[in-house]
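1. Sequence and predicted structure below; questions after.
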Amino acid sequence: SSSITWNWTTNYLLTVNEVTNGSLDWSTAWMPRGTTVVIRATPVQGYHFVEWNGQTNGCTIDGDQIGVPMDRPRSIGAAFEITWFPLTVLGDYGEPVPPPGTNMYPYGTEVTCFVGTNAVVDWLLYGGRREYVCIGWTGSGSVPAAGDTTNTGPFVLTNDSVIAWNWRTNNLLTVREVSGGTLDWSTTWLPMDTNVVIHATPDDGHRFMGWNGQTNGCRIDGNQIEVPMDRPRSIGATFDNIWYSLTVVSPWGVVVPGAGTNEFASGTIMTCSVWWNPVVEGATQYVCTGWTGSGSVPPAGSTANTGPFEVTNDSTIAWNWRTNYLLTVSQVARGALDWRTAWLPMGTNVPIHATPAVGRHFAQWTGDTNGCAIAGDRIQVPMDRARTIGATFDTDRFTITATATEYGSISPSGEVDVAFGGHTNFVLTPQTNCHLESIVVDGVTNAPRAEYDFSYVTNDHTIEAVFDVDRYMLSVVSSYGETISPPVGIN
């Protein structure tokens, strides 16, 4: 006889949950009851362990390590978080990005540090300007160690980091604009404590007089100054001019400079001109035709403006003027003149032709014709003074010859005078027992009518009224007789 006893072990399921941003050193497994399992949590780079989760009651937790008693089935997991690192920005000026102070970024962030405003200019209370120029940076941690630009370029933040922006202090040297000479420096920014040597050179016709501006603390040796740039400074120089005369001669107009002797400093850029041109006095006009010059003035010109020139010695300008007379051409009726009113130079001879309108003819010249050469409808006008010239025209006239045959009359009759464009009405009247046979106008026969009108007459005409006596029919009928008067038939 035999027996068998089956032996059983009780296991519980340990479920190790899937985690992100880290790992657990156990995986899901069946574990004998009463076993204690030690699990360790390890974060990936840039992350850190936060806590255990799941069925942790009764477990022994020591930071990132947990002891799990398998007195029942359990599910165990862990949580991880990304690690944040500080980026400390140091800088006294400009607009750094990120801004000055401590800036927090998660691990692995790509960062670019730069200065948005460069350079920075301050106005100082005592005058002048000071400039702060970024000349680079010094870095630690994830920041590149050093650079001489205003932009680090991109870098990945993986630990605590610091960037300090480096600035250079410049002071503004303002070199003032001067006249009569030059300075061999121009306005510029210069590093603090730089020493600058400036020379003053007078132009031709000038001499150096002295330095001006913020010269205290400077070393001056004649036309040379050594300027310490321990602060913003403004430096200038003065020069004295040599003066020359400019004599202006002009009988007319408003001239610039004015007529007479004018004094100008050597090197002055001058423009001579006539402002009031032409000058009109009644019917006489004076027109500037240019100038004659000497010294610094251009020798001659044909305009009322010399253009700019530099005064370097005593000079003279004489403005030249031409006299014009007004030729007034009067408006005329019934014709036209081939000139209009105009200013003409003294001594000019002007030929004018008079042309009558249609139906008109030239009559005579009018106005200031004394001294003029007249040939019919043409006149030659000498402009030895102001003149007014006009002309008169008469209307053309035509003759209508009116006649009538016997047995009637025409009124008016004979040679009838008619002006150009005029009209005349003729009345044609037959005698008693007579009638108007026809009207012959300029040789052309027209049908009879009691009146005939010539309208808008432009040439000579003829008109003839043709009349005849009234006539009747006598019909003679006779059966006998040889001599009958009037004869048998229609008479």
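-> Yep, it's here.
2. C-alpha only now, for contacts and for neighbours.
-> Fine.
3. low-scoring pLDDT stretches of the stretch 1-150 of the chain, where are they?
-> 124-127 (pLDDT under 70).
4. bridging residues for V162?
-> Under DSSP bridges, the beta-bridge partners of V162 are T88, S140.
5. Report pLDDT for it.
-> In the predicted model, V162 carries a pLDDT score of 97.
6. and it, what is it in contact with?
-> V162 is in contact with L87, T88, V89, L90, G139, S140, G141, V143, counting by Cα atoms under 8 Å, 6 or more residues apart in numbering.
7. Which residue, other than its chain neighbours, is closest to the third one?
-> Taking Cα to Cα, 6 or more residues apart in numbering, and ignoring the residues beside it in sequence, V89 has P100 as its nearest neighbour in space, at 4.6 Å.
8. Which pair in the contacts of V162 has the greatest spatial separation?
-> With Cα to Cα as the measure, no two of the contacts of V162 lie farther apart than L90 and G141, at 14.1 Å.
9. Which one of the two is surrounded by more residues?
-> L90 (18 against 14; other Cα atoms under 10 Å).
10. one step back: kindly reformat the contacts of V162 as CSV containing distance to W211.
-> Below are these laid out as CSV (distance: Cα to Cα, whole Å):
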residue, distance to W211
L87, 52
T88, 49
V89, 46
L90, 43
G139, 47
S140, 50
G141, 54
V143, 50
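11. what about the residue nearest to V89, how many neighbours?
-> Residues contacting P100 under the criterion other Cα under 10 Å number 18.
12. ok, it touching G94?
-> No: assessed by Cα atoms under 8 Å, P100 is found out of contact with G94, at 10.1 Å.
13. Now the most centrally placed residue in the chain. Nearest residue, chain neighbours left out?
-> Nearest to the mean C-alpha position of the chain, counting by Cα atoms, centre = their mean, stands G307 at 25.5 Å. Nearest non-adjacent residue to G307, counting by Cα to Cα, 6+ apart: T271, 5.3 Å away.
14. Contacts only, for the one you found.
-> Contacts for T271 (Cα under 8 Å, 6+ apart) come out as N305, T306, G307, P308, F309.
15. Show the backbone phi and psi for the fourth one.
-> Recorded main-chain torsions at P308 are phi -70, psi 140, according to degrees, to the nearest 10.
16. Next, find the distance separating the residue nearest to G307 from V332.
-> Per Cα to Cα, to the nearest Å, T271 is found 47 Å from V332.
17. Need the contact partners of the helix or strand where N212 lies.
-> Using DSSP states H and E, N212 maps to strand 206-213. Strand 206-213 has contacts (Cα under 8 Å, 6+ apart) with 180-181, 200-202, 222-223, 233-242, 266.
18. Just the buried residues from these, in PyMOL please.
-> Filtering those down to the buried ones (16 or more other Cα atoms under 10 Å) takes a single PyMOL command:
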select buried, resi 180+181+200+201+202+223+233+234+235+236+237+238+239+240+241+266
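19. re earlier: in contact with the residue nearest to V89, which residues are there?
-> T88, V89, L90, G91.
20. So of those residues, which two are at opposite extremes in space?
-> T88 and G91 (10.1 Å).
21. how close does the residue nearest to G307 sit to S302?
-> Taken as Cα to Cα, the span from T271 to S302 is 15 Å.
22. Helices of this structure, residue ranges please.
-> Here the chain has no helices by DSSP state H.
23. now stretch 286-304, how far from the centre of its chain.
-> 34 Å (Cα atoms, centre = their mean, to the nearest Å).
24. which residues touch the closest residue to T194 other than its chain neighbours?
-> Distances taken as Cα to Cα, 6+ apart place M229 nearest to T194, at 5.1 Å, with adjacent residues excluded. By Cα under 8 Å, 6+ apart, the residues touching M229 are N171, L173, L190, P191, M192, D193, T194, N195, V196.
25. Which one of the residues you listed is nearest to G260?
-> Nearest to G260, judged by Cα to Cα, of the contacts of M229 is L173 at 45.1 Å.
26. Surely the closest one touches W185?
-> No: counting by Cα under 8 Å, L173 does not reach W185; the two are 9.3 Å apart.
27. between these two, who's got more neighbours?
-> Taking L173 and W185 together and counting by other Cα under 10 Å, L173 has the greater number of neighbours (24 against 16).
28. Tell me the spacing between the more buried one and P69.
-> Taking Cα to Cα, one finds L173 at 82 Å from P69.
29. got it, and T323?
-> For T323, the distance to P69 - Cα to Cα - is 131 Å.
30. Those two: which has the busier surroundings?
-> Neighbours per residue (other Cα under 10 Å) separate T323 from P69, with P69 holding more: 21 against 18.
31. what's near enough to touch the residue lying closest to that one once chain neighbours are set aside?
-> Closest residue in space to P69, ignoring its immediate chain neighbours: T36 at 4.3 Å, by Cα to Cα, 6+ apart. For T36, the contact set (Cα under 8 Å, 6+ apart) comprises G67, V68, P69, M70.
32. Then A119?
-> G94, E131, Y132, V133, C134.
33. Dig out what the last one forms beta bridges with.
-> Residues in a beta bridge with C134, per DSSP bridges, are W167.
34. I'd assumed N166 was in contact with it.
-> Yes: in this structure, C134 is within contact of N166 by Cα under 8 Å, at 5.8 Å.
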